[in-house]
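1. Need a 3D model of the following:
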Amino acid sequence: MPKGATETTTLKVGDPAPDFTLKAHGNRTISLSDYRGKNVFIAFYPLDWTPV
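-> Below you'll find the predicted structure:
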């Protein structure tokens with residue numbers, strides 16, 4: 001396994017999501033655990049000017 005890589009597992013409906021941290025707008029970082037106990041919707045959207 002490459003350095004820094006982690007093993008992944010498949011989640012099933014009802015499984016708790018693993019915690020993760022992402023870079024966010026405004027040079028911030030957010031973690032899923034910051035929203036524990038709240039409903040969360042996660043969407044990944046390519047920037048408008050990218051050729052996707």
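2. Quick check on Leu22: phi, psi?
-> phi -130, psi 150 (degrees, to the nearest 10).
3. if I look at it, how far off is Pro16?
-> Distance of Leu22 to Pro16, given as C-beta to C-beta, to the nearest Å: 18 Å. (C-beta placed from N, C-alpha, C; glycine too.)
4. The two: which has the busier surroundings?
-> The residue with more neighbours, out of Leu22 and Pro16, is Leu22; 11 against 8, by other C-beta atoms under 10 Å.
5. State the distance from that one to Gly37.
-> Counting by C-beta to C-beta, the gap from Leu22 to Gly37 is 19 Å.
6. and what of Asp15?
-> Asp15 is 17 Å from Gly37, by C-beta to C-beta.
7. higher neighbour count, those two?
-> Using other C-beta under 10 Å, the more surrounded residue of Asp15 and Gly37 is Asp15, with 9 against 5.
8. Could you check which helix or strand contains that one?
-> For Asp15, there is no host helix or strand (DSSP states H and E).
9. What pLDDT does the model give it?
-> If you check Asp15, the pLDDT there is 87.
10. Now it, what are its backbone angles?
-> Residue torsions, per degrees, to the nearest 10, at Asp15 are phi -70, psi 140.
11. What of Leu32?
-> Backbone torsions of Leu32, given as degrees, to the nearest 10, read phi -60, psi -40.
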